[in-house]
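Colleague: Sequence and predicted structure, then a few things I'm wondering about:
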Amino acid sequence: MSTPTVISVESLGKLYKINHQANRQPYVALRDVIADKVKRIFQPRPAKGKSSSQEDFWALKDVSFEIKQGEVFGIIGRNGAGKSTLLKVLSRITEPSQGRVRIKGRVASLLEVGTGFHAELTGRENIFLNGAILGMSRAEIRSKFDEIVSFAQVEKFLDTPVKHYSSGMYVRLAFAVASHLEPEILVIDEVLAVGDAQFQTKCLGKMEDVAKSKGRTVLFVSHNIPAVRALCTHAILLANGRLIDEGETSRIVESYMDQDSAAADSTWQRLPQEKNPPVYFQSVEATVSGKQPRMTLTLRVELRCESSSCPKAFVSVDLCDVLGVAICQAIPVGSPFMEFREGCYNALIEIDLPPLIPGRYTADLWIGSHYYETIDSVKNTVAITIDESPVPDRTYPHSKDHGSLVPASRCELTRTPS
Amino acid sequence: MTANLPYSETPISDADFDLTLEAGRDDKHYWLDLWRYRELFIILAMRDISVRYKQTVIGIGWALIQPVLNMIIMTIIFGKVAGLHSEGKAPYAIMVFVAMLPWMFFSSALTTSSQSMVTNAPLISKVFFPRMIIPASSVMTCFVDFLISFVLLLLLMAGFRFAPGWNFFAIPLLVLLTFLAALGPGLFITALNVKYRDFRFVIPFLVQFGLYITPVGFSSSVIREKWGEKLFLVYSLNPMVGVIDAFRWAVLGNSSPVDLASFIISLSVIALMLYVGVSYFRRTERGFADII
């Protein structure tokens, strides 16, 4: 007999309307709505459909997959790929705009550690409160109470309001409650990114336990690729709200890594846009020279200015790893504040690279005024590949598990006379 | 065999699943879900109650001071200065206090429930539960305040040596009625408040205004005598007119009779507002997490 499907997602889509006005809150003031309506009376037909300040944004589009009972299912993708939106739809927090989701069994979602914790309440009260919010019954919490307390190591402070807890204790207590949830389907978002390393390991172990021995279905979103690889049997890869790939975890993780290398190259061109900022990056070209650990990255940047009044500006360059996480930022000196008039400009930026581990790195470019206001910001522009190890004659390290930088270091061994 | 197909070989039907999520789909198990989450309701209510008077000096005293001071002022202004008459033989102070209880319960329930969604925004954007639990449980703190001042009413009645009749046992039902009267507009306004934050300014105004057009400091019979029967029925469109008259009947006895027509009008307004509130809330609650 085949294992039953517990979650079936069919051409799921989630649409958000985005307001382009600066500092706009998601909620609206009634005043503005009335003002808008009045305006509309006087301008018979503005641009067709919606007002110009609104734009449709599909956080998810045409996503379909199935999850079988007992699977530990990973969802990976870069920031903004739609992972969190997917979890929010699956855990019923928000409604889909298209398609449908069918679920069999009780779902508990853990999108945040310590949801609903109240600072004024004691640890004991918060265990019951948080447990109830996560969907546990009081009888269930009572039967697991001692286990939760000892997992969190907060025995002595049970009757202290949590506002007096250290942040470590707070997180431990919150995770302890969450990890004792026993729903049929558990949905988890990035929550392992909290607490110290020792506690993280403990949490991972607990999750593995839940998933493997108890036959529950777990959905797991994380940037922590080693954790995804260790825990998940199946995974999907999302990019820009679409499902790119689905299958065994190891293959999906690879395809995730490739996706990034394919996305960028040593030259970058700005895509034509409806409206450009007063000063913007038009193209970037990267070359790397020198040998590890003293390499230089040269960026030839073409800038354009289409406005007569521009503030003085300066640029910065973020170097990011394959996951899109910034490793370091360069703020080139020379002419720190540049003045622009209408026209084209070329900037030559030279960056002495820090000792990076082998891999692929991308550059995010930013230009802003001396008041730190962003004028233009482009992400994921050019990519460079570093093949050599920064430590001469050593191939190690290759893995990001120990960071991306290898500082120059020395070691001298002497024997102590005994 | 089609073993390597990613999807199951047999087509799956809706019956294999417990829950289907689709745009604009009505939840079949809405009320059942609400019942399933009753423990959360209790725990959230307990949280609000136990947090309410933390870090205050006189604590629960706040639940006593407000109605007592209001009663004294209204007794002086309406009873002594304006010289209005009481209901039957009841002392003016008791007549005011009897109305003060449901009115304070109503107004504080309306205020807290309409703010509740916004104050609990972190919960709404992170976990699923029937959203109606939040406004409903926030009203429980007001209910506790009501109980405290109810004890005060008993003491006051003992002080004036005023014994109630059998009508007194109708009070639990009337409390429920007050709760429903507040819940309708409370749900409506809290749903609106999620989208339009203007409504947090509307409520204090509404409550203040309501105190003057509701027979709290005076007897509704004063209105009837001055305006006549027809206009009194119009006055009964204010749902609290019926509720307060019924409370006075329950405590002061048959010397303060309830006008049946007026009570029915108030009752229908309560039912209508409850219907509008619940249906508007249900229509909008699925989008709360996106805009809160």
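Modeller: Great, that's in hand.

Colleague: Any idea how many residues pack against the nearest residue to residue B:21 once chain neighbours are set aside?
Modeller: Leaving aside its sequence neighbours, residue B:21 sits nearest to residue A:101 (Cβ to Cβ, 6 or more residues apart in numbering or on different chains; 4.2 Å). (Each C-beta comes from the backbone N, C-alpha and C, glycine too.) If you count neighbours by other Cβ atoms under 10 Å in any protein chain shown, residue A:101 ends up with 20.

Colleague: Spell out which helix or strand contains residue A:101, please.
Modeller: Secondary structure from DSSP states H and E places residue A:101 in strand A:98-103.

Colleague: So what are the sheet partners of the helix or strand that that strand is followed by and their directions?
Modeller: Counting by DSSP H and E, the next helix or strand C-terminal to strand A:98-103 is strand A:107-110. Within its sheet, and counting by DSSP bridges, strand A:107-110 is paired with strand A:185-189 (parallel).

Colleague: give me the low-pLDDT residue ranges for the stretch 251-400 of chain A?
Modeller: Within the stretch 251-400 of chain A, the ranges that satisfy pLDDT under 70 run A:258-264, A:334-336, A:395-400.

Colleague: Next to chain A, which bits of the stretch 51-200 of chain B? Give me the list.
Modeller: When proximity is defined as Cβ under 8 Å from any Cβ of the partner chain, the stretch 51-200 of chain B approaches chain A at B:51, B:54-55, B:122-129, B:194-199.

Colleague: Quick check: residue B:117 touching residue B:132?
Modeller: No. With contact defined as Cβ atoms under 8 Å, residue B:117 does not count as touching residue B:132 (10.2 Å).

Colleague: who's more crowded, those two?
Modeller: Taking neighbours as other Cβ under 10 Å, residue B:117 and residue B:132 compare with residue B:117 leading, 25 against 22.

Colleague: What residues does that one make contact with?
Modeller: By Cβ atoms under 8 Å, 6 or more residues apart in numbering or on different chains, the contact set of residue B:117 is B:124, B:131, B:134-135, B:190-191, B:193-194, B:288, B:292.

Colleague: Tell me, how many residues neighbour residue A:306?
Modeller: For residue A:306, the count of nearby residues is 13 (other Cβ under 10 Å).

Colleague: Count the neighbours of the residue lying closest to residue B:144 once chain neighbours are set aside for me.
Modeller: Distance criterion Cβ to Cβ, 6+ apart; nearest residue to residue B:144, sequence neighbours excluded, is residue B:49 at 5.5 Å. When counting by other Cβ under 10 Å, one arrives at 16 neighbours for residue B:49.

Colleague: A helix includes residue B:49, no?
Modeller: Yes. Judged by DSSP: H, G, I helix; E, B strand; the rest coil, residue B:49 forms part of a helix.

Colleague: Could you verify my assumption that it touches residue B:143?
Modeller: No. Here residue B:49 lies out of contact with residue B:143, judged by Cβ under 8 Å, at a distance of 9.0 Å.

Colleague: Mind listing the shared neighbours of those two?
Modeller: If you check residue B:49 and residue B:143 against Cβ under 8 Å, 6+ apart, no residue is contacted by both.

Colleague: so what's the residue nearest to residue B:144 up against?
Modeller: Going by Cβ under 8 Å, 6+ apart, the list of residues near residue B:49 reads B:140-141, B:144.

Colleague: Let me see the confidence value for it.
Modeller: For residue B:49, the model assigns a pLDDT of 86.

Colleague: ditto for residue A:232
Modeller: 85.

Colleague: Is it in contact with residue A:221, as I believe?
Modeller: No. Counting by Cβ under 8 Å, residue A:221 is not a contact partner of residue A:232; they are 10.3 Å apart.

Colleague: which neighbours do these two share?
Modeller: residue A:74.

Colleague: Tell me the confidence at the residue nearest to residue B:21?
Modeller: pLDDT at residue A:101 comes out at 90.

Colleague: Distance check, it against residue A:135.
Modeller: Residue A:101 sits 18 Å away from residue A:135, going by Cβ to Cβ, to the nearest Å.

Colleague: do the same with residue A:80
Modeller: If you go by Cβ to Cβ, the gap between residue A:80 and residue A:135 works out to 29 Å.

Colleague: The two: which has the busier surroundings?
Modeller: residue A:135 (20 against 15).

Colleague: List the contacts of the most centrally placed residue in chain B.
Modeller: Nearest to the centroid of the C-alpha atoms of chain B, with distances taken as Cα atoms, centre = their mean, sits residue B:182, at 2.8 Å. Residues near residue B:182 by Cβ under 8 Å, 6+ apart: B:105-106, B:109-110, B:113, B:139.
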